[in-house]
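A.B. asks: the following block contains a protein sequence and its predicted model.
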Amino acid sequence: MSQSETQTRIKPTNQIKEPPMFRVIYLNDNTTSVEFVMESLVEFFNYTVDTAEAITNAIHESGSAVVAVLPYEIAEQKGIEVTVRARNSSYPLQIKLEPDQV
């Protein structure tokens, strides 16, 4: 008996997809303080105080605003962190995630 040699050829695939991006949207309400919204933007999204103030004003004037566009897992985590902090501070701030249409 003879042994046959088998060679396995592996074709590498270099097609790595970027993760889908999602918009983190703050919704305006009449209870959550401006200070809390600004602080959350600075703490969780690393905005400067001036940028956080501009975004907070946009949320107030438009009823909502996109505060970040991030990969889904990060967007979801940030949304949860801010929501937990809001509830612990007795604020009803709502955060919505939407797929980013590129």
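C.D. replies: Received, thanks. Numbering: from 1, shown residues only.

A.B. asks: and the residue nearest the centre of the chain, backbone torsions?
C.D. replies: Nearest to the geometric centre of the chain sits A75, at 2.2 Å (CA atoms, centre = their mean). Main-chain dihedrals, A75, degrees, to the nearest 10: phi -60, psi -40.

A.B. asks: which non-adjacent residue is nearest it?
C.D. replies: Leaving out its chain neighbours, the residue that sits closest to A75 by CB to CB, 6 or more residues apart in numbering is F22, at 4.2 Å. Every residue, glycine included, has its C-beta placed from N, CA and C.

A.B. asks: picking that back up, quick one: the residue nearest to the centre of the chain from T32, how far?
C.D. replies: Distance, A75 to T32, by CB to CB, to the nearest Å: 20 Å.

A.B. asks: all helices of the protein, in order?
C.D. replies: Applying DSSP state H to the chain gives helices spanning 34-45, 49-62, 72-88.

A.B. asks: take these and lay them out in a markdown table including mean pLDDT and distance to E18.
C.D. replies: Formatted as a markdown table, the helices of the chain follow (pLDDT from 0 to 100; distance: least, CB to CB, whole Å):
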| stretch | mean pLDDT | distance to E18 |
| --- | --- | --- |
| helix 34-45 | 97 | 20 |
| helix 49-62 | 96 | 25 |
| helix 72-88 | 97 | 11 |
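
A.B. asks: which residues are in contact with the residue nearest to Y91 when sequence neighbours are not counted?
C.D. replies: In this structure, Y91 finds its nearest non-sequential neighbour in T32, 4.2 Å apart by CB to CB, 6+ apart. Taking CB atoms under 8 Å, 6 or more residues apart in numbering, we find T32 in contact with 86, 91-93.

A.B. asks: the same query, at a cut-off of 10 Å, please.
C.D. replies: 26, 40, 59, 86, 89-94 (CB atoms under 10 Å, 6 or more residues apart in numbering).

A.B. asks: quick one: which of those residues is nearest K17?
C.D. replies: Set against K17, the nearest of these by CB to CB is Y26 (28.4 Å).

A.B. asks: what's near enough to touch the closest one?
C.D. replies: Residues in contact with Y26, defined by CB under 10 Å, 6+ apart, are 32, 37, 40-41, 55-56, 58-60, 63-68, 79, 82, 93-96.
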